[in-house]
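Student: all I have is the shape, not the residue letters:
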């Protein structure tokens, strides 16, 4: 049985550090590659041929293609990302406003009418009605 068994103490700490570093860099590289590809498709100022060219360049020569893309178009890449996030936020806010507007709180007149009904039934006192009315009118 002359086989060599690798034990944990056969792998030095510096070797583990370098392995973790290379894995981290590889994962970051994958993220950057996908960010570039997404940016190519997101950019409306590029023609179809230019998008195809950048895409082929980043797939055939990935390291050089991504490096050149980030150097040439990196500044605009950040602006496009900000515009995309801003558009998503505006869309979300619009959706929330529409949804809340349909089921949101009633206007002041409706709230005061409800308060009057509650007072007329005797569920709240005149003092409680006055405080609630002030809250509605000053809110």
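Tutor: Ah, there it is. This one's a predicted model, so the numbers in the text were calculated from it and none came from an experiment.
Student: okay, now the unreliable bits of the protein?
Tutor: 1-2, 5-10, 101-106, 139 (pLDDT under 70).
Student: would you map the helices across it?
Tutor: Counting by DSSP state H, residue ranges of the helices within the chain are 13-42, 48-60, 62-103, 108-121, 126-138.
Student: who's in contact with the fourth one?
Tutor: Residues outside helix 108-121 that contact it (Cβ atoms under 8 Å, 6 or more residues apart in numbering) are 105-106, 124-126, 128-129, 132-133, 136-137. Heads up, the C-betas are built off the backbone N, CA and C, glycines and all.
Student: now the residues you listed in TSV, with distance to residue 45?
Tutor: What follows is the contacts of helix 108-121, written out as TSV (distance: Cβ to Cβ, whole Å):
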residue	distance to residue 45
105	44
106	47
124	62
125	66
126	66
128	62
129	61
132	56
133	56
136	51
137	52
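Student: of the residues you listed, buried ones?
Tutor: Among those, those scoring as buried are 129, 132-133, 136 (criterion: 16 or more other Cβ atoms under 10 Å).
Student: got the helices of the chain as TSV, with distance to residue 3 columns?
Tutor: Output for the helices of the chain, formatted as TSV (distance: least, Cβ to Cβ, whole Å):
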stretch	distance to residue 3
helix 13-42	21
helix 48-60	42
helix 62-103	38
helix 108-121	83
helix 126-138	82
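Student: mind checking which of these is nearest residue 4?
Tutor: Across the helices of the chain, the minimum distance to residue 4, taken as Cβ to Cβ, is reached by helix 13-42, at 16.7 Å.
Student: what's the domain layout of the chain?
Tutor: Taking automatic domain parsing as the criterion, the chain consists of the domains 8-73, 107-139.
Student: of all the ones you listed, which lies closest to residue 80?
Tutor: Closest to residue 80 of the domains of the chain is domain 8-73 (Cβ to Cβ; 5.8 Å).
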